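Colleague: everything below, folded, please.
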Amino acid sequence: MRFQAVFFLAAWLTGTIALPSPDNAALSTIPKPAKAPTGNCLKTGMLCIAEKRLVYNETTGMCGCEWIPGLEPIGTTNSRRSVDPTTCPTVRCKDKYHPVYYVDKTHCTCEPDYPDPSTCPTIKCTSSTRPVYHPETESCSCEPIPLECPNSIFCAAGCHKIQDPSTKKCGCQVTNPIPKTCPQFKCLENHHVVYHPDTDKCGCDADCPDLMCIAEQRVTYNYTTNSCSCKYIPGLEPSPIKARDAETYPLTPPSPAPTKAITPSTCSNIMCISEQHPVVDEKTGKCKCEWITGFGPTPIKSKCPDTFCISEQRPTYNTTTEKCTCEWIPGLKPGEPSTLLVARATPTRGVPSGCSGVMCIPEMHPVFNETTGRCECEWMDIFKPPIASWTSSHPVVSSTALPTSTRFTQISARPTLPPIGPSCFKPGTYCVPEMQPVFNATSGRCECEWIPGLGPSGPATTTA
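Modeller: Model prediction:
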């Protein structure tokens, strides 16, 4: 009886009972996986305990016993369900290596530790610089550490800030000293010589490109300290405040001390013109200059911002067609001037459709010339400039009396015109009413020059 009890206990613990063979009956341990070519595990002769079942493994082509779901031992089930294979709990790696789980291979491997490139682990900088990672180039560089200066100072172009370790005050130092090979040349006003090591050349840069002053001040560059500052223009300095008479202007008691500390303005470092003040943009969170109420330009809102017209017309929005068109400004429409009392004379020459592509100035219109067989610009009768008679110094050209003006209003006579070269007295040479054609012996062609008294302050010459 004791032997049978031990036999059944051993069979329950091992999970498999081996049936007696025809020759001899003996106890068996856990059966090894048996190969089943056809995939039928019943032909292998393997038997499992009641809590297990025979399963064919297609990968290995072998049969084995597996626990039936729900009948596993409690300790085995909990330990398998509580462990996540992706954490690689059974893998231990050496120093500077870490386990990595591969889903497709369902196993873990040890891989070396690679530092994060954004931390710049391989670059060493000086005490005054710090490593900065550039994601666009995936590289690191040493850049100066921003200094916290108790004094306000602006460095000129080609200079950078330095701090005195004893006083903690900041100054300006030339970034790239000018070499002796740099040629000696003089720069324009508000410019100084700066050496560019990237091109190995010296050039003239603006003294203080990043500093802006108010309208009453101008930017001043100090060659000794290499710094920039704003100084008042002579005559625009603020007036000093004189002391008041106590009897005439009695003193008022000072306002009570504030209970809260006065915090400095967020935009104290930004400079604006006298008509603007610095404010914080709520959208971007940055400081910007905004017009003071009453000092800003008045915006002109137009319903036709993308419509461009000539100077005598203006864009007008048509509510019927919901489109923008160019309309003549009253009094500037050709043929209907506001001061004209007599009907305009009808031109003797017709304007064929072929001249529709010819562009003329507002005081002229295209006319087909039957003699030359092409379109030309002719003065309108009411806009034709008055031309006095003139005499040429050339022996071939005789004195010619030109037609008088057809304007209806009396105008004063213009200055006497200088003689015009013979080569300029030909069709195709046109000038504006305030200019006259003159032959230039140097260039050998006709040019338009301003009539004395009708031109701008400076000289101007236009080739006809």
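
Colleague: which strand or helix spans Glu111?
Modeller: strand 107-112 (DSSP states H and E).

Colleague: list the helices and strands the helix or strand following that strand packs on?
Modeller: Following strand 107-112 in sequence order, the next helix or strand is strand 129-134 (DSSP H and E). Helices and strands touching strand 129-134, by 3 or more C-beta pairs under 8 Å, 6 or more residues apart in numbering; DSSP states H and E, are strand 139-144. For the C-beta atoms, the positions are set from N, CA and C on the backbone; glycine is no exception.

Colleague: what strands line up against the helix or strand following the strand it packs on, and which way round?
Modeller: As assigned by DSSP H and E, the chain's next helix or strand after strand 139-144 is strand 154-155. Its sheet considered, strand 154-155 pairs with strand 227-232 (antiparallel) by DSSP bridges.

Colleague: list the buried residues for the helix or strand just after the strand it pairs with?
Modeller: Sequence-wise, the next helix or strand downstream of strand 227-232 (DSSP H and E) is strand 276-280. Neighbour counts over strand 276-280 (16 or more other C-beta atoms under 10 Å) mark Gln276, His277, Pro278 as buried.

Colleague: nearest to Pro121, of those?
Modeller: Taking C-beta to C-beta as the measure, Pro121 sits nearest to Pro278 out of the buried residues of strand 276-280, at 41.1 Å.

Colleague: number of residues surrounding the nearest residue to that closest one once chain neighbours are set aside?
Modeller: Leaving aside its chain neighbours, Pro278 sits nearest to Cys267 (3.6 Å; criterion: C-beta to C-beta, 6 or more residues apart in numbering). By other C-beta atoms under 10 Å, 17 other residues sit near Cys267.

Colleague: could you do Pro234 as well?
Modeller: So Pro234, with other C-beta under 10 Å, has 7 neighbours.

Colleague: what separation do you get for Cys230 and Ser311?
Modeller: Look at Cys230 and Ser311: by C-beta to C-beta, to the nearest Å, they are 41 Å apart.

Colleague: of these two, which one has the most company?
Modeller: A direct count of neighbours by other C-beta under 10 Å for Cys230 and Ser311 places Cys230 higher, at 16 against 8.

Colleague: may I have the beta-bridge partners of the more buried one?
Modeller: Val219.

Colleague: test my guess that it contacts Glu216.
Modeller: No - here Cys230 lies out of contact with Glu216, judged by C-beta atoms under 8 Å, at a distance of 9.3 Å.

Colleague: using PDB, list the CA coordinates for stretch 278-293.
Modeller: The C-alpha trace of stretch 278-293 is given here as PDB (Å, rounded to 0.1, in the frame of the first residue of the first chain):
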ATOM      1  CA  PRO A 278       7.500 100.400 -25.600                       C
ATOM      2  CA  VAL A 279       4.700  97.900 -24.900                       C
ATOM      3  CA  VAL A 280       4.500  94.100 -24.600                       C
ATOM      4  CA  ASP A 281       2.800  92.300 -27.500                       C
ATOM      5  CA  GLU A 282       0.100  90.000 -26.000                       C
ATOM      6  CA  LYS A 283       0.400  87.500 -28.900                       C
ATOM      7  CA  THR A 284       4.200  87.100 -29.100                       C
ATOM      8  CA  GLY A 285       5.100  88.100 -25.600                       C
ATOM      9  CA  LYS A 286       7.900  90.400 -26.900                       C
ATOM     10  CA  CYS A 287       8.400  94.100 -26.600                       C
ATOM     11  CA  LYS A 288       7.500  96.400 -29.500                       C
ATOM     12  CA  CYS A 289       7.200 100.200 -30.100                       C
ATOM     13  CA  GLU A 290       3.600 101.500 -30.400                       C
ATOM     14  CA  TRP A 291       2.400 104.900 -31.400                       C
ATOM     15  CA  ILE A 292       1.300 107.200 -28.600                       C
ATOM     16  CA  THR A 293      -2.400 108.100 -28.900                       C
END
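
Colleague: begin at 273 from now on, thanks
Modeller: Happy to do that; since the first residue is 273 now, the last one works out to stretch 550-565.

Colleague: buried residues of that stretch, list them for me.
Modeller: Pro550, Cys559.

Colleague: ditto for stretch 425-432
Modeller: Those would be Ile425, Phe426, Cys427, Ala428, Ala429, Gly430, Cys431, for stretch 425-432 by 16+ other C-beta under 10 Å.

Colleague: columns distance to Met334 and pLDDT on top of those, output as CSV?
Modeller: Output for the buried residues of stretch 425-432, formatted as CSV (distance: C-beta to C-beta, whole Å; pLDDT from 0 to 100):
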residue, distance to Met334, pLDDT
Ile425, 83, 88
Phe426, 83, 89
Cys427, 81, 91
Ala428, 85, 91
Ala429, 82, 90
Gly430, 81, 90
Cys431, 81, 91
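
Colleague: farthest pair within these?
Modeller: Across these, no pair lies farther apart than Ile425 and Gly430, at 15.4 Å, counting by C-beta to C-beta.

Colleague: from Trp722, how far off is Lys656?
Modeller: 19 Å.

Colleague: still on that earlier bit, could the buried residues of stretch 425-432 go into a markdown table alongside distance to His406?
Modeller: Listed next are the buried residues of stretch 425-432 as a markdown table, based on distance: C-beta to C-beta, whole Å:
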| residue | distance to His406 |
| --- | --- |
| Ile425 | 28 |
| Phe426 | 27 |
| Cys427 | 24 |
| Ala428 | 27 |
| Ala429 | 24 |
| Gly430 | 24 |
| Cys431 | 24 |
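
Colleague: which of those residues lies closest to Ile450?
Modeller: For the buried residues of stretch 425-432, the nearest to Ile450 is Gly430 (9.1 Å; C-beta to C-beta).

Colleague: can you pull the contacts of Thr714?
Modeller: Listed by C-beta atoms under 8 Å, 6 or more residues apart in numbering, Thr714 has no contact partners.
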